[in-house]
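Novice: when you get a sec, could you give me coordinates for this:
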Amino acid sequence: MIRPLPPGLRGLLARGEVLLSVKDAVRELLENALDAGARRVRVELWGGGLERIVVEDDGEGIPLEELPLAVEPFSTSKLLDPERIATLGFRGQALYALRQAATLRIRSRPRGQVGGGLLLARGERVDLRPAPAPPGTRVEVLGLFAGEGRDPRAEARGVLDLLKRYLLHHPHLSLVLFLEGEARLLFPGAGLKEAARLAFGGLLAERLFPLERGGAFALRGLLSGPQVSRTRPDLLFLAVNGRPVALPEGVLRAVRRAYRELLPEGHHPVGVLNLRLPPGAYRLRLDARKEEVALGKEVEAFLEEALGEAIRGQNLARVLPEPKPLLSLEPPTPSGLPRLRYLGQFRGSYLLAEAEDALYIVDQHAAHERILFEELLSRLKEGLKPLPYPVLVELEGEPPEASPLFAFEPFGPGRVRLLAAPAFLHPYPLLLPEIFRESLKGEGRSLKGLLARLACLPAIKAGHPLARAEGQALLDALLACETPWVCPHGRPVLLKLKEEDLIRRFGRRSGARAKEESHPHPPPETTRGGS
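Specialist: Numbers count the residues shown, from 1 in each chain. Have a look, this model is predicted:
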């Protein structure tokens, strides 16, 4: 027999759909505050939030007559058009779910209202009365998950991580968190760089460079260079119009393409991407998994272009002996790398060069690999030339209709004959079948791996002595590369040692450019009698 579910069971299902932890409750209340235009938010947790949660804001407040409606299911002022969602919350289920899972106390007053209102709700019982209140809203949740034996410390850690994440996307929000009455987080709305210090730690935050691109599609954020990466994208955070969302696979692909060979295969940068998009460029889920978002191809293309432009404007040489922030440079070369003056060679493998206030150490084999690799990439654009003789290729499946690198024709089941190829591939007839098969795979990453192997073969090897003119010529050719920082396999090409590090380690007070050098004072001598 089909029958309507009783109210109590409906509330239990709503709770399970919205609330799995204290963190979920705080997220919903924080998003309500942000949607209300709050500039200051105070969060309190008692017993890890299991005894009491308080979220207080200075937002626009809820009119007295609308307070009872705010805790009803699917009641919201935010959702008018599902295709144009402009708020963090929109389903109208959060306060209803909290009412079913705990005791809910809401005190609120809009700025234009004389006096406020106090609402008490638990299950199906709702009481409302006038009460004095400052502008804004204060929500208290009492006895959440009572009797479930949850760990208060784990719940509090989850909330702390959540608040740090939201500050990356709302860095001008003034936010405080109190645990058991003691301040654990005090953020004055100091901007994205300070939010990154809070989320990533001071050392890592200093190794992030800024992102900023305006227009109909806009991007702001911070991102790491190749000296910082992880095998999982767990420290790469994305928000769309202020909403923290999970990373779509298309965004990860765009990031990988923007970095090209700067990062090893399977590695991801660290940082935060804050996208501002018009409504038609993205689509949100309307169910409980609001963190999932679908982005259009034009957004992925914009992101790849914006990231690539920002990366090319950075000096990405890895700093020795310890990481320091990389200053933005006026790029005197296509890559942004300063002009390098050859000084010498160490052990027949490393070139020593200077530029501005730094000593650069260049791996000559990796540098030559990068130069040859980019030459091969550029020659891909020259077009196809007929091969001296056709090359037969065995395929596992049916022959493709076309290839970006070869002209060919079918030659029986599972076979093709290669008829033309880029001229630089003609000297490698034994590799042509493998290159053809790899060229059919997605994103061109496998093809680039093959080109990297081709570049490695003739590159100058470690231990090969170079004359001064040859060393300078290699440095000059490296400067002309688009991505001189890493070899095609993702290993660093050059390292940087700043003069200030040498000054500190040698115990000096100034560098070579100082007009007058001051020597450290020796310790005073002690006379103990006698000569």
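Novice: longest strand of the protein?
Specialist: strand 384-394 (DSSP state E).
Novice: tell me the helix or strand right after that one.
Specialist: Using DSSP states H and E, the next helix or strand after strand 384-394 towards the C-terminus is strand 407-410.
Novice: from residue 134, how far off is residue 451?
Specialist: 65 Å (Cβ to Cβ, to the nearest Å). (Glycine included, C-beta is placed from N, CA and C.)
Novice: try residue 400
Specialist: Distance from residue 400 to residue 134, by Cβ to Cβ: 68 Å.
Novice: over to residue 506?
Specialist: 60 Å.
Novice: in terms of packing, which of those two has more residues around it?
Specialist: A count of neighbours by other Cβ atoms under 10 Å puts residue 134 above the other of residue 506 and residue 134, at 14 against 8.
Novice: which ones are touching the more buried one?
Specialist: 58, 109, 116 (Cβ atoms under 8 Å, 6 or more residues apart in numbering).
Novice: can you select the buried ones from the residues you listed in PyMOL?
Specialist: Written as a PyMOL command, the selection of buried residues from those, which uses 16 or more other Cβ atoms under 10 Å, is:
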select buried, resi 58+109+116
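Novice: same list, the contacts of residue 134, but as JSON lines with distance to residue 362, pLDDT and secondary structure please.
Specialist: JSON lines is the format used below for those (distance: Cβ to Cβ, whole Å; pLDDT from 0 to 100; DSSP: H, G, I helix; E, B strand; the rest coil):
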{"residue": "58", "distance to residue 362": "55", "pLDDT": "94", "secondary structure": "coil"}
{"residue": "109", "distance to residue 362": "66", "pLDDT": "93", "secondary structure": "strand"}
{"residue": "116", "distance to residue 362": "68", "pLDDT": "91", "secondary structure": "strand"}
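Novice: please compute how far stretch 251-259 lies from its chain's middle.
Specialist: Here stretch 251-259 shows a centroid-to-chain-centroid distance of 11 Å under the convention Cα atoms, centre = their mean, to the nearest Å.
Novice: need the contact partners of it.
Specialist: 226, 233, 236, 238, 263, 268-269, 273, 295, 300-301, 303-305, 307-308, 311, 443.
Novice: from residue 56, how far off is residue 345?
Specialist: Relative to residue 56, and taking Cβ to Cβ, residue 345 is found at 65 Å.
Novice: likewise for residue 465?
Specialist: 71 Å.
Novice: re earlier: can you flag the buried ones in the contacts of stretch 251-259?
Specialist: 226, 233, 236, 238, 263, 268-269, 273, 295, 300, 303-305, 307-308, 311.
Novice: tell me what the longest strand of the chain is packed against?
Specialist: strand 415-422, helix 432-439 (3 or more Cβ pairs under 8 Å, 6 or more residues apart in numbering; DSSP states H and E).
Novice: okay, and which of the buried ones among the contacts of stretch 251-259 map to helices?
Specialist: 300, 303-305, 307-308, 311 (DSSP state H).
Novice: C-terminal to the helix or strand harbouring residue 166, what's the next element?
Specialist: Taking DSSP H and E as the criterion, residue 166 maps to helix 152-169. Per DSSP H and E, the first helix or strand lying C-terminal to helix 152-169 is strand 174-179.
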